[in-house]
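Peer 1: Next comes the sequence, and after it the predicted model I'd like to discuss.
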Amino acid sequence: MEMLQTAEFWIGLLKIIWINIILSGDNAVVIALAARGLPPHQQQKAIMFGSGAAVVLRIALTVVAAKLLALSYLQIIGGILLLWIGTQLLQGEDEEEGEGKEHTGLMTAIRTILIADLVMSLDNVIAVAAAAKGSMTLLVLGLAISIPLVIFGSQLMIKLMERFPIIITLGAGLIGWVAGETIVSDVALKSIVESNGWLHYAGPALGVAVVLTIGKMSSGKSKPA
């Protein structure tokens, strides 16, 4: 293929890989939080499915992201979903046992990863699409190469969470921050946010507070007396 021999192609590919590395930080945190309560053999499945799905979603969203971002209230709904996911991920590990429960736990983790990544990727894929400059080959190749990076990042985060539990709280807080950013970025709130610049920071900060407060309260109630 002639395009493989051009400097423009390789520069574009490197841009996409680099952008995806930066954007994959949030994904790695979500995947690690969702998978941490699973048995070790199921953690690998959740990471593999979650990482692969994250890339596939970004490819699909690249085609329609600009149109979706123009829809009023879509990001508000997505942000609220992220708030809910953040509180759920903070509630701790599921101690139920049995093959049926393990299967349910794996499916729940994968579903959580898919929903969170769908919301978190909406505005991020604009940057990836710009780097691809309309080349679907470049887009798919660049994101596919990034899959191992997401997998490695998720595995590393799980190990860090096991050693330093505070990272779980920080990760949930990050999801709350992204949720707040997503909500205040909605086109329906554009004029309000533009005339009140402090909302750019208050929204994400409130998202962190909501996730940590509700998540900790729910976690405390779920513990046996």
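Peer 2: Received the coordinates, thanks.
Peer 1: need the contact list for G78.
Peer 2: Contact analysis of G78 by CB atoms under 8 Å, 6 or more residues apart in numbering lists 118-119, 122, 182. C-beta coordinates here come from the backbone N, C-alpha and C atoms, glycine included.
Peer 1: quick check, nearest of those to A70?
Peer 2: Nearest to A70, judged by CB to CB, of these is L122 at 11.2 Å.
Peer 1: What is the neighbour count of the closest one?
Peer 2: Applying other CB atoms under 10 Å, we find 22 residues neighbouring L122.
Peer 1: repeat for K45
Peer 2: By other CB under 10 Å, neighbour count at K45 equals 15.
Peer 1: hang on, G142 packs against A132?
Peer 2: Yes. Between G142 and A132 there is a contact under CB atoms under 8 Å: 7.1 Å.
Peer 1: Mutual contacts of those two, please.
Peer 2: Contact criterion CB under 8 Å, 6+ apart; residues shared by G142 and A132: 12, 16.
Peer 1: Where in the protein is the helix or strand with the lowest mean pLDDT?
Peer 2: One helix or strand of the chain scores below all others by mean pLDDT, DSSP states H and E: helix 125-132, with a mean of 69.
Peer 1: Helix or strand next in line after that helix, which one?
Peer 2: Note on helix 125-132: by DSSP states H and E, the next helix or strand toward the C-terminus is helix 136-163.
Peer 1: quick one: buried residues of the helix or strand just after that next one?
Peer 2: With elements assigned by DSSP H and E, the helix or strand that comes after helix 136-163 is helix 166-184. For helix 166-184, the neighbour count (16 or more other CB atoms under 10 Å) marks 167-168, 171-184 as buried.
Peer 1: What residues of the next helix or strand after helix 166-184 count as buried?
Peer 2: Following helix 166-184 in sequence order, the next helix or strand is helix 190-195 (DSSP H and E). Across helix 190-195, burial judged by 16+ other CB under 10 Å covers V193.
Peer 1: Who are the packing partners of helix 190-195?
Peer 2: Applying 3 or more CB pairs under 8 Å, 6 or more residues apart in numbering; DSSP states H and E, one finds that helix 190-195 contacts helix 199-222.
Peer 1: Now do stretch 30-42: distance from first to last residue.
Peer 2: Stretch 30-42 has its terminal residues 16 Å apart, counting by CA to CA, to the nearest Å.
Peer 1: what comes up buried for that stretch?
Peer 2: 30-38, 42.
Peer 1: List the contacts of that stretch.
Peer 2: The contact list for stretch 30-42 (CB under 8 Å, 6+ apart) reads 43, 46-47, 50-51, 54, 85, 89, 92-94, 102, 105-106, 109-110, 112-113, 116-117, 120, 150, 154-155, 157-158, 161-162, 168, 171-172, 175.
Peer 1: cool, and stretch 133-151?
Peer 2: So stretch 133-151 is contacted by 3, 9, 12-13, 15-17, 20-21, 24, 27-28, 31, 47-48, 51-52, 54-55, 58-59, 62, 128-129, 131-132 (CB under 8 Å, 6+ apart).
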